[in-house]
Each structure stands twice: as C-alpha cells, then as structure tokens.
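Undergrad: The sequence and its predicted three-dimensional model are supplied below.
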Amino acid sequence: MGKRTLVLKFPKKLVNQPITYKLVKNYNLKLNILQAKVTPEEEGSMVIGIEGPDKKIKEGIKYLKETGVKIQPLIQDVELDKDKCTHCTYCVTLCPTQAFIVDRKTMEVSLDKDKCIACGICVDVCPYNAIKLKLG
Amino acid sequence: MAKTIQQINEKIKKGEVVVVNAEEIIDIVDKKGVKKASQEIDVVTTGTFSPMCSSGAYINIGTSKPKLKLGGGKATINNVSVYTGFAAADIYIGAAALPDEGPRNKFYPGDFTYGGGHVIEDLVSGKDLKLKAIAYGTDCYPRKELDTLINIKDLNEAVLFNLRNASQNYNVAVNLSNRIIYTYMGELKANLGNANYCTAGQLSPLLNDPLYKTIGIGTKIFLGGGEGYITWHGTQHNPSSKRKNNDIPKDTAATISVIGNLKNMSAKWLRGTSMKGYGATLTVGIGIPIPILNEEICRYTAIKDKEIYTTIRDYSQDYPNAVEKSLGEINYEQLKSGKITIKNKEVPTGSLSSYKKAKEISNILKDRIKNGDFLLTQPIASLPGPNSGYKLKPLKEREVK
Ligand code: SF4
Ligand code: SF4
C-alpha cells in the first residue's frame, strides 16, 4: 500500500471532466481532495492525496498524464528546519491549511504535519529557507 | 533613590547586579509597584531580530602583490556587487546588494536567493568567499585584475556598520487591492487577506526607552551575537512622530546606526534573508541594556504589548504613492494574537520580526551582564529627541536644467 500527495494542474478543457471519479472507480484508489481551485477561463488546480496499492497508484498517475493533466513534482513531505527557523510567524498566514501552530505565549512556531498538504507555498516564501521539501 | 551607571557597573563587577528582561519587568512592576521595582532592578535587557535592509559590513582585504587599487574599480563577492569607492583595499558590502547578472524581478515575483545579506552571513560563518575585482591600474597600483578566495580570519578588518537599525515601532502592512503584492513587509494577499507587522513590541529596544533617556551615542549593545556600539542616530530618524500619552510613537520614529567587530559575531544572529518579489537583506540581532536609573525609566521599561499602538497602512496604493493614510491603529497584543479586525473583516496576522529570538537575545544579554562580561556605558551624546526639530523629509524633486 502506498500514499501520495499530488499537485494537479488541468487545462480548461478538462475542468468539467470526471477525472477524480475515474481514479476512484477504475483504479480503486482512495482519494482525498485536499485543495481544489478552478478559475473560469483558466486552468484548474487541485491537490489530492491518493492511497492504494503501489501498482494502482502508478497506473492512476499514468491515466492522469494521458488525459492531459499536468502533475507537479510529487512533494511528499515538508520539514521545518529547527536551526534555520527564526519563528517570525511570517509563513503562518500564507499556509492554505493553517498547518503552522503558534504558541501565542512564547510565539514559537511548529508544523502540524497532519494538516500539511505539502503544497510548497511556505517553502517558497520563507525568507530564511527554513522549510525543506522532500520530493517523492 | 536614583542610581548611576557607575554604581550599576560596580554591582556588575561584584556579581551583585539584578537584571531582568523587558518581558519580566512587566510582572515585577505589576506586583511590586514601580518604586520598589526601580530600587531592586538595576538593568532591563531588550532585544530585536528583524530584517534590517540598511545594514552592511566593511572589510579591508590587505594589499595584493603586485598592488591593485579597488577604489574606482569594480568588485563582486560571490557574484554580489560590492562597493569600492574607497582607497586600495576597502570594500563595503551592502545587505540589499544583488548579483549584477541576477534575474531580480524579471520572473516576477523574483526569489532573491542570494544577496549582500547572505554574503555577510557566509563571511561571519567562516566560509571562503570568491572575490573578483577589476581596476584601471596606476603607476603605484599597476594590477588590473583579482580573482581570489577570501576568508574573514585573514582580513585586516571586518566591521559591521549599519546605517539604520532597530526602528522604534513600525507600521502594519495590508493590501486593499485585488491582487497579491510582494513587498518588504512580505507577501500581502489580496483584499485584506493578511496583515504583517515587524517589531518585537514590548521587548523592542527603543520602545522601552521612548524618549531616549538612556540609549544614546556610545551605548554598548548586543550586536549580531557579539558586541557593538551606537554610533549615531540612524538614517530616517524621526523622533517627532506622533505619540500616545505614554510617549510611545504610533509609527516609525527613532532609528540607530550601529557598529561592531564582525569577527566576534555569529551567523546565528546575522541571517541572510530573501524577501520574495522584493529583494535580499540581512536579519540583525540587536539587544540594548537599559540601566534603571530612576522610577521614570523603570516605568517606561514596563510597557506592555497592549499599550503599544501602531498604524495600519495599505501597501497596494497608499504606500507606493507616498500617501500617508491610516487604516486604523492596533496594539501589539492584538497583533500577536494572530488576528485583528480591519474594516469589519477578520484578518490573520504574521510578523517578520521574531519575538522568540528577541527574547533569546534579551536573555543572552542578561546573562552576559550577570556574569560580569558586559559593562554598561554612559552615552556621550543623546539621540535627537522629540523636540530637537529632527524630522523625516521626503525627497524634493527639482528639474535638472
Ligand atoms: S517564515 Fe520561515 S523562519 Fe518564519 S516562522 Fe515560517 S518557517 Fe520559520
Ligand atoms: S507545504 Fe507549507 S504552506 Fe503548504 S500546507 Fe504544508 S505547511 Fe502549509
């Protein structure tokens, strides 16, 4: 059994296609939509978590690519580097899932990995390069 | 009973000094009253750890053989442009300097992964840096090119010399427009999506001595992990900024210029910083001790986050166009709670200044004083105060004929 977080970008023509439904139905994958954004006239983006046998995951990803969905680097995990983080709290409002926890007394910042969807936003904005990406 | 700095220094030498940080003094004054607290406490330590763009370091690289004159030539360190408008071997590294060839904001928003602040961090941490220079050559300095590694341990001097640091208060930045903007106050989401602030509030040095009664030119400070001194008021020093009844300015006010031996500092407290879409800078750790000479000074150091107000400003239209418009005032207790209300909307808050690190600095300074490793100095001149006539002036643009 495997688990993957994928960042999908799909062009306008695919926006209304039942892609996620097919992933579940045809590949027997457990699917969790972590974030979805579809702007009219533009492309849609979606962060999904999929779970299932490794073989099925591979097939599912292949299917996605064939339909024209772009798959961004498979970020599996992000990690807060304790030595580099200054606990400024700057990233806290930029995280789409509120995965950063701030102890409001000490103003210490920590990362709740269960909430993190590995979107990479904080990795990009942290001024001190304190968040590391782990690519799958 | 009033104390003098000399008396406090005697106590430091004897190991009898009583030092607390600017957070601890709040409870002490609350419990014991300002009179008793001012008798018992000798020093209150403050701290701040924030991006401070008007920072930099000068170095003297020593003379090469044959000799080369950097002055009037061009140089880069790790590809970042550095200033060479001095004599033969002096260089100034500005925190916001960037590689000449770098993409900057060409692919907006730019990443600014490496700039002057990162050069300074690498220099302090003892890494070898690549120095490249070209000169025009003279009879006494014939050499025209230099391509070498340099290391802080071999330099004659390496001195941190910052033009403007430790701003006394700072405004809160928000974005009223409908697109994301990237500023020196960080990424600001559209339509009041977030609000960013940038001081350590009740721990911040100049907010604990709002009228500069003890902090002045010559004051010895914690600087970048080592020691330094206040050399002058900082650029854009604006002591005439509007104040609340408690003498605390409601916006940027005083600033200080500081100096210290980079060789004794640490990369932990001088961090190269990349502000997406804006540029590179240096995050500087500063801590200033405040001698509790009398009750008034003690009362000032007991200032609480909820008594320090700052002004909210729009960075989409007002700030870039130099429109001085306030969207309201807010205190640091509210800011530190994680959300504030602006125009009836709940807005999440983030900081660029680290309160946690500010406290760590105030505690390091406290320990140095307690251990007898840090004596206080008497300022040799005051910083220009609220009645000095000092004011921040905008640029008066005039036609070039
Ligand atoms: S922005 Fe970076 S340094 Fe600041 S709290 Fe987040 S991870 Fe830590
Ligand atoms: S990668 Fe960062 S911004 Fe994205 S969800 Fe995780 S913690 Fe939040």
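TA: That came through fine. Ligands and ions are numbered 1, 2, ... in the order given.

Undergrad: Identify each buried residue in the helix ranked longest in chain A, please.
TA: Across chain A, the longest stretch assigned as helix under DSSP state H is helix A:54-67. Buried residues in helix A:54-67, counted by 16 or more other Cβ atoms under 10 Å in any protein chain shown: A:56-57, A:59-61, A:64. The way it works is simple: take the backbone N, C-alpha and C, and place the C-beta from them, glycine included.

Undergrad: just stretch B:338-357 next, same as before
TA: B:340, B:342, B:347-357.

Undergrad: how about the residues you listed, which pair is most distant?
TA: Comparing all pairs in the buried residues of stretch B:338-357 by Cβ to Cβ, the longest separation belongs to B:Ile342 and B:Lys357, at 27.1 Å.

Undergrad: which stretches of chain A form strands?
TA: Assigned by DSSP state E, chain A shows strands spanning A:2-10, A:30-38, A:44-52, A:70-71, A:75-80, A:100-103, A:108-111, A:131-135.

Undergrad: Now the stretch 101-250 of chain B against ligand 1: closest residue?
TA: B:Gly186 (8.8 Å; Cβ to the nearest ligand atom).

Undergrad: typo on my end, it should be chain B
TA: B:Ser354 (7.2 Å).

Undergrad: I'd say that residue and B:Ser50 touch.
TA: Yes - assessed by Cβ atoms under 8 Å, B:Ser354 is found in contact with B:Ser50 at 7.4 Å.

Undergrad: any residues in contact with both of the two?
TA: B:Ala200 (Cβ atoms under 8 Å, 6 or more residues apart in numbering or on different chains).

Undergrad: what about the helices in the stretch 201-350 of chain B?
TA: B:295-301, B:332-336 (DSSP state H, counting those that start in this stretch).

Undergrad: buried set for the first one?
TA: Looking back up the chat, that one is helix B:295-301. In helix B:295-301, counting by 16+ other Cβ under 10 Å, buried: B:295, B:297-301.

Undergrad: swap in the shortest one?
TA: Taking 16+ other Cβ under 10 Å as the neighbour-count basis, helix B:332-336 is seen to contain the buried residues B:332, B:334-336.

Undergrad: what residues does that helix touch?
TA: Against helix B:332-336 from outside (Cβ under 8 Å, 6+ apart): A:104, A:107, B:172, B:195, B:197, B:199, B:201-202, B:304-306, B:308, B:310, B:340, B:349, B:351, B:355.

Undergrad: Run through the chain and note the low-pLDDT ranges.
TA: Looking at chain A here, since you left the chain open. Residues of chain A meeting the criterion pLDDT under 70: A:15-16, A:35, A:38-42, A:73-76, A:135-136.

Undergrad: Chain B was what I was after
TA: For chain B, the ranges with pLDDT under 70 are B:1.

Undergrad: what's the residue closest to the geometric middle of it?
TA: Nearest to the geometric centre of chain B sits B:Asn165, at 3.1 Å (Cα atoms, centre = their mean).

Undergrad: does that one have beta-bridge partners, and which?
TA: Here B:Asn165 sits in beta bridges with B:Ile256, going by DSSP bridges.

Undergrad: For it, list the residues it contacts.
TA: B:52, B:54-55, B:234, B:255-258, B:284, B:286.

Undergrad: go again using 10 Å as the cut-off
TA: By Cβ atoms under 10 Å, 6 or more residues apart in numbering or on different chains, B:Asn165 lies in contact with B:48, B:50, B:52-55, B:205-206, B:221, B:223, B:228, B:230, B:234-235, B:255-258, B:282, B:284, B:286.

Undergrad: List the contacts of the residue nearest to B:Ala135 when sequence neighbours are not counted.
TA: Spatial nearest neighbour of B:Ala135, excluding adjacent residues (Cβ to Cβ, 6 or more residues apart in numbering or on different chains): B:Gly73 at 3.7 Å. Residues near B:Gly73 by Cβ under 10 Å, 6+ apart: B:84-85, B:88, B:133-137, B:141, B:144-146.

Undergrad: Now do B:Gly73 against ligand 2, distance only.
TA: 44 Å (Cβ to the nearest ligand atom, to the nearest Å).

Undergrad: for B:Gly117, same thing?
TA: Taking Cβ to the nearest ligand atom, one finds B:Gly117 at 23 Å from ligand 2.

Undergrad: repeat for A:Phe10
TA: In terms of Cβ to the nearest ligand atom, A:Phe10 sits 20 Å off from ligand 2.

Undergrad: contacting residues for that residue?
TA: A:17, A:19, A:38, A:43-46, A:64, A:67-71.
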